[in-house]
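J.: Quick one: sequence and predicted model below, then my questions.
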Amino acid sequence: MAASSASIVIVGSGHAGYTLAREFRKLDTETPIHLVTRDDGCAYYKPNLSKALAMDKDADGLVQQPPDQAAAGVGAQLHAHATVTAIDADAHRIELDNGVALDYGKLVLATGATPIRLSALGPDAISVNTIDDYRRFRAALPEKARVLIAGAGLIGCEFANDLAAAGYQVDVVDLCTWPLPRLLPEAQGQALQAGLEALGVRFHLGAGVKQVADGVAELEDGTTVAFDVLLSAIGLAPNTTLAKAAGLNCGRGISVDAAFQTSASDIYALGDCVDVPADAGAQPMPYILPIAHAARALAKTLAGEHTEAPLPAMPVIVKTPACPTLVCPPLDNTGHWQVAGEAPDLEAVFTSEDGRETGFALTGAATKKRGEFAGRMPPVHHVD
Ligand SMILES: Cc1cc2nc3c(=O)[nH]c(=O)nc-3n(C[C@H](O)[C@H](O)[C@H](O)COP(=O)(O)OP(=O)(O)OC[C@H]3O[C@@H](n4cnc5c(N)ncnc54)[C@H](O)[C@@H]3O)c2cc1C
């Protein structure tokens, strides 16, 4: 079936793409939806990738719905293994690498992000941002292997916990001096580090990887770490190539307004690929809850009711049972943390320069206070 000028075309079958299609179908059962994806289009819950060992699942076990079932469930026509190569915003048409062109009434870019590659890590470093990546990672992972993780951020620490708890030898290396430096104050980062170290994880902080050869990483401070598998978790960059080529405004990600509209009419974006409107005081998007919140609002807009939804502060659970951790990412970095409690049971509130409390972080037993702290954050702009 070819798309028509009335169709909604969604590029991307990740959490953003499927959640939007599901929300839209609650409001409109008639308008054709086309879902284009360069992967196979199966539905899976990405956060499970970094706790799959604890769940005793491999990549296939993490698939929640096969492609056809997932697409049928949201009433969409699936174009799998098809990469969108160009957008003609004036003609309201996209081109796919299989020669197909689809016309759209409204286009939504839910194209996600791509792991950042660091040449010092060499060509064999594996990044895990998709279920196919995870399949490759598990295939390359000998039992009880020594795994070196580059990156002590959220994803690096979650994999460290999952692997160490399952009996793998885990080393973590990062330039930062405590884990999750952008999300946690030092005291809580150290509490998280101590929890992971008690599980057997070895941290090498304050020095990056200089080079890698024959299963040995040489760090900038001269330390060497031997490994069987190198997992790169140094960050993601929003996918903007397609949008930029079409002339859409982009910052770090695709720029959108408070209704997730891009600079081109009838083109919207959500998920890991976007830059949220900082002037609207919105929180960063690249987490599950903000995407769900944005998808509900965008579904309404696509159904004809223009809906703005500045993203409120929403907590993210860091999946490190070795030290339970919950963060509500601060609005920006210009402010300060105030920490109370005794490690590992610490509560921290981030105050922005204008004096508003815009984020918080809880570790250990303090994570039970989630409701209390969430209530202190700026008012939630409900979409209902
Ligand atoms: C290991 C891991 C653990 C995480 N844990 C948590 C957590 O605990 N809590 C939390 O809130 N968040 C977590 N996150 C973040 C969260 O999972 C992501 O924010 C979310 O899944 C992003 O969804 P998305 O649909 O925007 O992107 P993606 O899932 O990356 O989907 C992008 C889609 O776009 C398609 N695509 C891209 N370019 C093209 C093109 N040109 N043509 C066709 N198709 C294209 C891709 O094929 C894919 O289908 C985690 C992330 C990772 C990697």
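T.: Perfect, thanks for sending it.
J.: average pLDDT across the longest helix belonging to the chain?
T.: In the chain, ranked by residue count with DSSP state H as the criterion, the top helix is helix 288-302. Helix 288-302 shows a mean pLDDT of 95 in the predicted model.
J.: List the contacts of whatever helix or strand comes next after that helix.
T.: Per DSSP states H and E, helix 288-302 leads on to strand 316-318 as the next helix or strand towards the C-terminus. Contacting residues not belonging to strand 316-318 are listed as 154, 157-158, 180, 183, 192, 287-289, 325-329 [C-beta atoms under 8 Å, 6 or more residues apart in numbering]. (C-beta placed from N, C-alpha, C; glycine too.)
J.: who does strand 316-318 pair up with?
T.: strand 325-328 (antiparallel) (DSSP bridges).
J.: Now do the partner strand: distance to the chain's middle.
T.: Mean C-alpha position of strand 325-328 versus that of the full chain (C-alpha atoms, centre = their mean, to the nearest Å) differs by 15 Å.
J.: who touches it?
T.: 180, 183-184, 188, 192, 313-318, 359-363, 367, 370, 373-374, 377.
J.: Tell me which of those residues fall in strands.
T.: Counting by DSSP state E, the contacts of strand 325-328 place V316, I317, V318, G359, F360, A361, L362, T363 in strands.
J.: burial of the first one, as a residue count?
T.: So the one you mean is V316. 20 (other C-beta atoms under 10 Å).
J.: The fifth one too?
T.: Residues contacting F360 under the criterion other C-beta under 10 Å number 26.
J.: does D39 really touch H79, like I thought?
T.: No - taking contacts as C-beta atoms under 8 Å, D39 lies outside contact range of H79: 11.3 Å.
J.: okay, those two: which has more neighbours?
T.: Neighbours were counted for D39 and for H79 using other C-beta under 10 Å; H79 has more, 23 against 17.
J.: circling back to that earlier point, how about JSON lines for the ones in strands among the contacts of strand 325-328, with pLDDT and distance to the ligand added?
T.: Shown next, in JSON lines, are those (pLDDT from 0 to 100; distance: C-beta to the nearest ligand atom, whole Å):
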{"residue": "V316", "pLDDT": "92", "distance to the ligand": "5"}
{"residue": "I317", "pLDDT": "95", "distance to the ligand": "6"}
{"residue": "V318", "pLDDT": "97", "distance to the ligand": "7"}
{"residue": "G359", "pLDDT": "89", "distance to the ligand": "15"}
{"residue": "F360", "pLDDT": "94", "distance to the ligand": "16"}
{"residue": "A361", "pLDDT": "96", "distance to the ligand": "14"}
{"residue": "L362", "pLDDT": "98", "distance to the ligand": "15"}
{"residue": "T363", "pLDDT": "98", "distance to the ligand": "16"}
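J.: and which of these is nearest K300?
T.: Here the nearest of the ones in strands among the contacts of strand 325-328 to K300, counting by C-beta to C-beta, is V316; it sits at 24.6 Å.
J.: distance of that closest one from P329?
T.: 7 Å (C-beta to C-beta, to the nearest Å).
J.: quick one: which helix or strand includes the residue nearest to R202 when sequence neighbours are not counted?
T.: If you skip the residues right next to it in sequence, R202 has D171 as its closest partner in space, 4.8 Å away by C-beta to C-beta, 6 or more residues apart in numbering. Taking DSSP H and E as the criterion, D171 maps to strand 169-174.
J.: rewinding a little: which neighbours do V316 and P329 have in common?
T.: What both V316 and P329 touch, as defined by C-beta under 8 Å, 6+ apart, is the set Y287.
J.: just the residues of the stretch 151-300 of the chain that are near the ligand, which are they?
T.: Proximity of the stretch 151-300 of the chain to the ligand, by C-beta under 6 Å from any ligand atom, involves residues I155, N239, L242, G271, D272, P286, Y287, I288, L289, I291.
J.: again, only this time at 5 Å
T.: Residues of the stretch 151-300 of the chain lying close to the ligand (C-beta under 5 Å from any ligand atom) are I155, G271, D272, P286, Y287, I288.
J.: per-residue pLDDT, the second one?
T.: It refers to G271. On the pLDDT scale, G271 gets 95.
J.: coming back round to it: list just the nearest of the residues of the stretch 151-300 of the chain next to the ligand to the ligand.
T.: G271 (2.3 Å; C-beta to the nearest ligand atom).
J.: what's the domain layout of the protein?
T.: Domain assignment for the chain by automatic domain parsing gives 8-113+236-302, 117-232, 330-374.
J.: Now the terminal residues of the first one, how far apart.
T.: Terminal residues of domain 8-113+236-302 lie 8 Å apart, using C-alpha to C-alpha, to the nearest Å.
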